[in-house]
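>>> I would like the atomic coordinates for the input below:
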Amino acid sequence: MYVKDIEADINEKDLVYISQGIGLAQYGKYRNVKRASIYESLYQQNKIENRDSSFYYGSDNKYHFVISGYEKIMIPFLFKQLMVDETYRINSIETYFQFNIEFCGKIIHQNIRTYVDPTMDDEDLILSSTYFQCFYDVINEKRLLPDLSVYTVNHPGQWSSIINEFTLGLQLKLEKERVINFQYTAEQFMKKIDNYYTLRLQFTNVLQSYDLKIGKSLYKKLVFLRYQNDNQDYVFGVKPIEENIAYSF
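This next block holds a predicted model:
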């Protein structure tokens, strides 16, 4: 994970470090982790008890970084450990998850390897064309094919009005068969262009190591945490953001 700037409001009694980047300047897996000097300095001064950190994408359209010892709500046991394969880069974290995907309440596929990209302004979700027929079959079965165009893998459909049935469900797979559910309403999963509506979904024929790509829309729904467990190994965790709480956690 990487953070460009860490700011602090020195007028506040309880100092909170905030970031406008994406996570913390650290690299590595398990116990072999290189940390930013400010992070290590806080730990050595006993200002934080554990080297825990988290980040999320806020309603202000910025990524926020939290050092857990400075934000009491960010407590490790509130987070669930993920089964996750992490690959670190210089300016971003590339993280692959397993998702189940539903459309109109019907399972499209299970265990889709998904790339969650915090740098992606995801106007659309990007999905392998392998799954186009699954979406087409559901739309055709419900007799909701586009009324203004055809619907093909290379030409997204055009509807004259929003289709309330067009909801998207994503299930993020956790350890011990647990999942976290994310729902996108028709208003969230469709967009209006000129005088028609279409799905926020692109199909691609480009072969990748993943089948589904999601960007900032998912980081608005999750807080991600990296912390040391009881064995002193670094664990990557997640907690859904409760939208009804004023401070966005």
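
>>> going by C-alpha atoms from here, please, whenever you check contacts or count neighbours.
Fine.

>>> just give me the neighbour total for the closest residue to E123 other than its chain neighbours.
Spatial nearest neighbour of E123, excluding adjacent residues (C-alpha to C-alpha, 6 or more residues apart in numbering): R200 at 6.6 Å. Using other C-alpha atoms under 10 Å, R200 has 17 neighbouring residues.

>>> could you shift the numbering so residue one becomes 633, and keep it that way?
New numbering, starting at 633: the last item is R832.

>>> residue contacts, R832?
E755, D756, L757, F821, M822, K823 (C-alpha atoms under 8 Å, 6 or more residues apart in numbering).

>>> from those residues, which land in helices?
F821 (DSSP state H).

>>> which of the contacts of R832 ranks first by neighbour count?
Of those, with other C-alpha under 10 Å as the count, M822 tops at 23 neighbours.

>>> tell me the SS of the closest residue to K738 other than its chain neighbours?
Closest residue to K738 apart from its sequence neighbours, by C-alpha to C-alpha, 6+ apart: V770 at 7.9 Å. Using DSSP: H, G, I helix; E, B strand; the rest coil, the structure places V770 in helix.

>>> any figure for the gap between V770 and E809?
27 Å (C-alpha to C-alpha, to the nearest Å).

>>> and what of I744?
15 Å.

>>> what about those two, which has more around it?
I744 (19 against 6).

>>> give the full set of residues in contact with that one.
Per C-alpha under 8 Å, 6+ apart, neighbours of I744: Q730, F731, N732, I733, Y842, D843, L844.

>>> A818 contacts I794, correct?
Yes. Between A818 and I794 there is a contact at 7.2 Å, judged by C-alpha atoms under 8 Å.
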